[in-house]
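Undergrad: Return atomic coordinates for the entry below.
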Amino acid sequence: MRYMLLLLAFTTVVSAGELSTRFRADAARLLERTRTDNALMPVLEDFCDHNPRRLSGSENLEKSLDWLVARMKSDGWDVQTQHVMVPNWKRNDASLRMTSPMSRSLPVAALGGSIATNGSLKAKVLVVKSYDELRQRKAEVAGRIVVYNVEFTTYGKTVKYRFGGAAEAARYGAVASLVRSVGPFGLQTLHTGAMGYNDSLQKIPTAAITIEDAMLLQRMQDRGENIELDLSMSCTWEKEAPSRNIVLELKGTEKPNEVVVMGGHIDSWDLGAGAMDDAAGCFVSWRALAHMRDLGMRPKRTIRVVFWTNEENGIRGGKAYDSLTRNDTHILAIESDMGTFAPQGFSTNGKGATRIQMEDIATLLAPVHATQIEDGEGGADISPLEARGVPVMGLKVDDSKYFWYHHTEADTPDKLNAKELNDCVYAMAVMSWCFANQ
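TA: Numbers count the residues shown, from 1 in each chain. Okay, the predicted model is just below:
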């Protein structure tokens, strides 16, 4: 009853359509600005082409941050950075060869965090399609390389084999595990990503193979052929390394300590250029803030953009940001980390009055067809803010092809579209502007 009374009290103050009416003229200015912007795609391409493989702890990541800070300062921004210590795993070299029933080289990519093989590891293979099948065949596992040939359904359901497959295989005595690349489609592309160990079980090396090769091994096993593989990986863990979050903002004119924060993660895996995951998410946030600044728009509350570091294998950037900004009152956090294809709206944990505001503001996104507001999460980097009660949003886009390229060598700028990028900029700009000025 108390919640209902509060909601009724709110609706008497902010009636349906009030915010969208109030900010319609501002949205129109931002729409015109984004639709005539021809500069975003070239600078994003320039960045990705010169700064690929931005894995935490790498020289590539730190050079990319230097590139960004210099570019932002040349564009007139007062750039701030936040010191962050990040994990430092190195992929190094890896090879995989089938030695029986034929001699054949297979593409392979170590999974992030895996141990090395300590030289050549030769073993027979057991292919399974699920953890249930692994348990059913546990008597066959000892001394073998377990291959998970798990067909992609959703990322959440399928990625558990990438993250936890090594531990589950080790439970029954496997000497290594290989996982079918996590995605719905591949052209012999390898999908890397983070994995984890169970400290109570033996740690074994683990890597990704292509969709096609996982299916090949399945066919061979189904025909009763004796499969043997020779796996070699030299990946290592090194000392934690220093990195940085990058922070830009338009300071609030009336309530500067109340903050709307938006952004993405600037680190990437060491395959591909990390264009859609997640340089583009960072750049559309930056561009949204730049349009507000260049149009002379000054928010009542501070609008802040953060390029978070180390999302892919630690979320250290998000945790550091949360710790360093405890004196600010965050009224909303928005993340773009699901690609920057055609925007559809936002996912959110917002409830009650906040949800009503979000749905009202989203009507202003009709020109780019991004009006959906649905239950969900904001993103990994803003999860520490969510944990302390901050409303969060995640930019929702057409992700029908996102996992074709995600964490692969194919995540390059040519997968992006200039108009869709600008439409994402508009969605981020309008949502952040309206919340900062409500």
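Undergrad: got the buried residues for the helix or strand that residue 64 is a member of?
TA: For residue 64, the host element (DSSP states H and E) is helix 59-74. Of the residues in helix 59-74, 60, 61, 62, 64, 65, 68, 69, 72 count as buried by neighbour count, 16 or more other CB atoms under 10 Å. Every C-beta, even on glycine, is put in place using the N, C-alpha and C of the backbone.
Undergrad: Also stretch 229-243?
TA: Applying 16+ other CB under 10 Å to stretch 229-243 flags 229, 230, 231, 232, 233, 235, 241, 243 as buried.
Undergrad: mind listing what the spatially most central residue of the chain touches?
TA: The chain has residue 337 as the residue nearest its centroid, 4.4 Å off, counting by CA atoms, centre = their mean. Going by CB atoms under 8 Å, 6 or more residues apart in numbering, residue 337 touches 264, 265, 277, 278, 281, 311, 379, 380, 381, 394, 395.
Undergrad: How about the backbone phi and psi for it?
TA: phi -150, psi 30 (degrees, to the nearest 10).
Undergrad: which strand residues sit across from the residue nearest to residue 65 when sequence neighbours are not counted in the sheet?
TA: Nearest non-adjacent residue to residue 65, counting by CB to CB, 6 or more residues apart in numbering: residue 244, 5.5 Å away. Here residue 244 sits in beta bridges with residue 83, going by DSSP bridges.
Undergrad: What count of nearby residues applies to residue 244?
TA: For residue 244, the count of nearby residues is 23 (other CB atoms under 10 Å).
Undergrad: per-residue pLDDT, the residue nearest to residue 17 when sequence neighbours are not counted?
TA: Nearest non-adjacent residue to residue 17, counting by CB to CB, 6+ apart: residue 360, 6.2 Å away. Predicted confidence (pLDDT) for residue 360: 97.
Undergrad: For the nearest residue to residue 144 once chain neighbours are set aside, list the residues it contacts.
TA: For residue 144, ignoring the flanking residues on the chain, the nearest one in space by CB to CB, 6+ apart is residue 126 at 4.7 Å. Taking CB under 8 Å, 6+ apart as the contact definition, residue 126 lies against 137, 140, 141, 144, 145, 146, 147, 174, 221.
Undergrad: how far away is the residue nearest to the centre of the chain from residue 377?
TA: Per CB to CB, to the nearest Å, residue 337 is found 10 Å from residue 377.
Undergrad: Need the overlap of contacts for those two.
TA: Common contacts of residue 337 and residue 377, defined by CB under 8 Å, 6+ apart, comprise residue 394.
Undergrad: what's stretch 79-86 in contact with?
TA: Residues outside stretch 79-86 that contact it (CB under 8 Å, 6+ apart): 56-57, 65, 69, 72-73, 240-249, 267, 309-310, 314, 316-317, 320-321, 324.
Undergrad: actually stretch 49-67, sorry about that
TA: 47, 81, 86-91, 238, 240-241, 243-244, 246, 266-274, 307, 309-310, 312-314, 316, 413.
Undergrad: Could you give me the ChimeraX syntax to select whichever of those are buried?
TA: Per 16+ other CB under 10 Å, the buried members of the contacts of stretch 49-67 correspond to this ChimeraX selection:
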select :47,86,87,88,89,91,241,243,244,246,266,267,268,269,270,271,272,273,274,307,309,310,312,313,314,316,413
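Undergrad: So which of the contacts of stretch 49-67 are in helices?
TA: 47, 316 (DSSP state H).
Undergrad: Let me see the contact set for the nearest residue to residue 183 once chain neighbours are set aside.
TA: Nearest non-adjacent residue to residue 183, counting by CB to CB, 6+ apart: residue 403, 4.4 Å away. Residue 403 is in contact with 152, 155, 182, 183, 184, 185, counting by CB under 8 Å, 6+ apart.
Undergrad: Equivalent analysis for residue 68, please.
TA: So residue 68 contacts 47, 246, 266, 307 (CB under 8 Å, 6+ apart).
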